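**Student:** fold the following, please.
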Amino acid sequence: MKLTRSAAALGAAALLAGAAAGCGSSSSSSSSSAAPAKLVVWRMGSSVPSQVTWMNGIVAQFHKKYPQYAKTKVVVDWIPWGNRVTDWTNALTSGKGGPDITELGNTDTPGIASQGALANISSNVKAWSYGSGIIPGNLANDTVNGQTYAVPWFGGVRGIWYRKDQFTRAGISAAPTTWAQLVSDAKALQKKFPGTFGLGAPSNYTNAIVSFIWGAGGQVATQSGGKWTATLNTPASEAGIKFYAGLNLTQHVSPSKYIGQTELGAPGATSGGSDEDFALGKLDMYIDGPWAQAELTAVSKKYAADWASFPIPSTSGPNPAPAFSGGSDLGVWVKSKSQQADWALVSLMDSPVNATTFANSAGFFPQFTAQLKGGAYAGNPVMAGFAKAAAYTQIAPLNSKNWATADATDAIIPTMMKSLMQGANFSATVNKANTELQNVLNTGSATG
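**Tutor:** Model prediction:
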């Protein structure tokens with residue numbers, strides 16, 4: 001899903017209402033090889049100058065690299081994110097006015113592929129020289145019933161912001177890789193810097209909470225045979241939930257004012273929460289993504305030179321906890337008559353060089369493991385930790401068609417976490433949330 005500061009990459013899978021059932025079976029090998037007069041690319045969002053410039057550069061490369069398409073006109077339509085479902089639906093059901101290539105939020109892709117709107121590009125991806133370098137978990141999100149219907153393009157993840165100067169003065173020589181180290185470091189920072197809190201843990205912060213569930217080896221929900229089973233009340237998941245709640249409730253490294261808040265403050269606020277406290281030096285560690293840097297700087301530049309990041313630790317390390325990866329994918333429209341040309345343009349837009357250039361300009365990461373592990377981010381204290389986290393990602397069930405109802409509308413996990421931080425009975429609260437989550441994922445309603 002598009003990662004914006006306000007949306008905080010919640011990501012809801014949008015299914016095409018009224019679209020034909022079943023996955024599209026077309027592939028570029030079966031489409032016409034004749035050079036099309038025009039290719040239509042749907043990009044999501046607004047046509048900001050930097051993105052227009054990037055697309056113009058891609059079109060120039062396309063015409064030069066593929067002489068057979070030198071006279072093919074590439075038309076880029078900018079689709080507001082809020083209009084994408086209606087536009088996809090109208091194009092699929094009418095058979096008219098659709099794109100040849102479309103950008104999709106990564107939480108959109110599985111549902112839209114299942115509705116038959118995307119071409120099967122499995123053979124293209126398999127033959128693509130860069131295909132094996134894509135982060136496996138991200139490519140898996142574009143695979144339905146063993147077939148690939150899109151390729152990851154860019155993404156972003158959450159990690160933990162900290163200050164290098166504070167770590168040094170508190171005697172912390174390395175970023176924590178386990179939960180025990182995380183708590184120990186948070187307490188050491190609080191002791192060294194009286195009046196601060198060690199680690200912000202807002203209760204209304206699902207995209208951070210799920211990393212702790214995953215970091216304990218748990219899952220939020222699993223799917224089999226088209227049915228979702230919520231698993232918040234398994235031992236591993238409960239361990240992650242209990243740890244996050246305990247940052248406030250028992251460890252006292254997170255202030256009680258974050259109960260009922262998002263990382264941006266009270267629901268609907270754009271500042272005043274753990275983000276602002278970190279920027280002002282009132283909070284020692286803070287969970288968010290690299291996209292937050294501009295907003296943090298806007299609050300205060302006083303400590304910016306010492307900002308850095310590390311991945312959210314797993315319960316026992318050494319690898320990080322998986323992070324929810326939000327971002328965009330690129331797919332070929334099932335009704336396009338020029339799928340060979342489509343794939344040529346997609347593969348160029350998503351080449352490691354071009355994907356990296358685009359991601360860097362937008363504050364995100366390319367979807368290639370080698371790019372994340374290379375030296376491009378290692379020398380940047382802010383980006384280095386996020387780049388490491390981006391190699392360890394999960395997405396389900398945050399790509400379920402009903403996830404937006406479960407999280408944004410019903411706030412099942414935030415409500416559960418708020419209650420726990422306020423001292424509610426653990427088992428009863430988690431079991432209630434688990435039942436509601438399973439009902440919503442399967443039926444769209446918490447009552448089943």
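**Student:** CA atoms for contacts and neighbours, from now on please.
**Tutor:** Noted.
**Student:** the domain parsing of this protein - what is it?
**Tutor:** 28-157+326-394, 159-323+402-443 (automatic domain parsing).
**Student:** output those in TSV, with mean neighbour count and mean pLDDT appended to each entry.
**Tutor:** Putting those into TSV (neighbours: other C-alpha atoms under 10 Å; pLDDT from 0 to 100) gives the following:
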stretch	mean neighbour count	mean pLDDT
domain 28-157+326-394	20	91
domain 159-323+402-443	20	96
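**Student:** and stretch 207-218, how far out from the chain middle?
**Tutor:** For stretch 207-218, the distance between its averaged C-alpha position and the chain's averaged C-alpha position is 14 Å (C-alpha atoms, centre = their mean, to the nearest Å).
**Student:** that's a helix at Pro110, yeah?
**Tutor:** Yes. Assignment of Pro110 by DSSP: H, G, I helix; E, B strand; the rest coil places it within a helix.
**Student:** for it, give its distance to Trp128.
**Tutor:** Plainly put, Pro110 is 21 Å away from Trp128 if you go by C-alpha to C-alpha, to the nearest Å.
**Student:** got it, and Gly98?
**Tutor:** Distance of Gly98 to Trp128, given as C-alpha to C-alpha: 26 Å.
**Student:** and what of Phe197?
**Tutor:** From Phe197 to Trp128 the distance is 49 Å (C-alpha to C-alpha).
**Student:** please report phi then psi for the most centrally placed residue in the chain.
**Tutor:** For the chain, the residue whose C-alpha lies nearest the mean C-alpha position (C-alpha atoms, centre = their mean) is Gly326; its distance is 1.5 Å. Reported as degrees, to the nearest 10, the phi and psi values for Gly326 are phi -100, psi 150.
**Student:** with the one 3 residues further on instead?
**Tutor:** Summarising the backbone geometry of Asp329 under the convention degrees, to the nearest 10, its torsions are phi -120, psi 170.
**Student:** just the CA trace of stretch 105-112, in CSV.
**Tutor:** What follows is stretch 105-112, C-alpha atoms only, in CSV (Å, rounded to 0.1, in the frame of the first residue of the first chain):
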residue,chain,number,x,y,z
GLY,A,105,-0.6,-1.0,-3.3
ASN,A,106,1.0,-4.2,-2.2
THR,A,107,-2.0,-5.0,0.1
ASP,A,108,-4.3,-4.6,-3.0
THR,A,109,-2.5,-7.1,-5.2
PRO,A,110,-3.6,-10.6,-3.9
GLY,A,111,-7.3,-9.6,-3.9
ILE,A,112,-7.2,-7.9,-7.3
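**Student:** now that stretch: how far from the chain's centre is it?
**Tutor:** With C-alpha atoms, centre = their mean as the basis, the distance from the averaged C-alpha position of stretch 105-112 to the chain average is 12 Å.
**Student:** ditto for stretch 76-91
**Tutor:** From the chain centre to the centre of stretch 76-91 is a distance of 20 Å (C-alpha atoms, centre = their mean).
**Student:** ok, back up a step: tell me how far the residue nearest to the centre of the chain lies from Ala396.
**Tutor:** Applying C-alpha to C-alpha, one obtains 11 Å for the distance of Gly326 from Ala396.
**Student:** repeat for Ala37
**Tutor:** The value you get for Ala37 to Ala396, if C-alpha to C-alpha is used, is 39 Å.
**Student:** ok, the nearest residue to Ile213 once chain neighbours are set aside - contacts?
**Tutor:** Using C-alpha to C-alpha, 6 or more residues apart in numbering and skipping residues adjacent in sequence, the residue nearest Ile213 is Gly240, 4.2 Å away. With contact taken as C-alpha atoms under 8 Å, 6 or more residues apart in numbering, Gly240 is in contact with Ile209, Phe212, Ile213, Trp214, Gly215, Ala216, Gly218.
**Student:** what about 7 Å?
**Tutor:** Gly240 sits next to Phe212, Ile213, Ala216 when contact means C-alpha atoms under 7 Å, 6 or more residues apart in numbering.
**Student:** likewise Gly98?
**Tutor:** Under the criterion of C-alpha under 7 Å, 6+ apart, the contact list for Gly98 reads Ala91.
**Student:** which parts of the stretch 201-350 of the chain are helices?
**Tutor:** With DSSP state H, counting those that start in this stretch as the definition, the stretch 201-350 of the chain shows helices at residue ranges 206-215, 235-249, 274-279, 293-299, 339-349.
**Student:** for the ones you listed, give me a markdown table that also has distance to Pro320.
**Tutor:** Formatted as a markdown table, these follow (distance: least, C-alpha to C-alpha, whole Å):
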| stretch | distance to Pro320 |
| --- | --- |
| helix 206-215 | 7 |
| helix 235-249 | 14 |
| helix 274-279 | 22 |
| helix 293-299 | 22 |
| helix 339-349 | 30 |
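**Student:** relative to Lys401, which of these is closest?
**Tutor:** Of all these, it is helix 206-215 that lies closest to Lys401, at 16.7 Å by C-alpha to C-alpha.
**Student:** elements contacting the closest one?
**Tutor:** Secondary structure elements in contact with helix 206-215, counted by 3 or more C-alpha pairs under 7 Å, 6 or more residues apart in numbering; DSSP states H and E, are helix 235-249.
**Student:** now the angle from the helix it packs on to helix 206-215?
**Tutor:** Helix 235-249 and helix 206-215 are oriented at 130 degrees to each other (axes from the mean of the first three to the mean of the last three C-alpha atoms, to 10 degrees).
**Student:** sec struct for the closest residue to Ser47 other than its chain neighbours, please.
**Tutor:** Of all residues beyond its chain neighbours, the one nearest Ser47 is Trp78 (6.2 Å), with distances taken as C-alpha to C-alpha, 6+ apart. The local conformation at Trp78, judged by three-state DSSP, is strand.
**Student:** list the contacts of Trp78.
**Tutor:** Listed by C-alpha under 7 Å, 6+ apart, the contact partners of Trp78 are Trp42, Arg43, Met44, Gly45, Ser46, Ser47.
**Student:** so it bridges to which residues?
**Tutor:** Beta bridges link Trp78 to Arg43 when assigned by DSSP bridges.
**Student:** hey, what's Ala230 bridged with?
**Tutor:** In this structure, Ala230 has beta-bridge partners Ala221, where bridges are defined by DSSP bridges.
**Student:** that one against Thr222, yeah?
**Tutor:** Yes. Judged on C-alpha atoms under 7 Å, Ala230 makes contact with Thr222 at a distance of 6.5 Å.
**Student:** excluding its backbone neighbours, what's nearest Pro235?
**Tutor:** Closest residue to Pro235 apart from its sequence neighbours, by C-alpha to C-alpha, 6+ apart: Gly218 at 7.7 Å.
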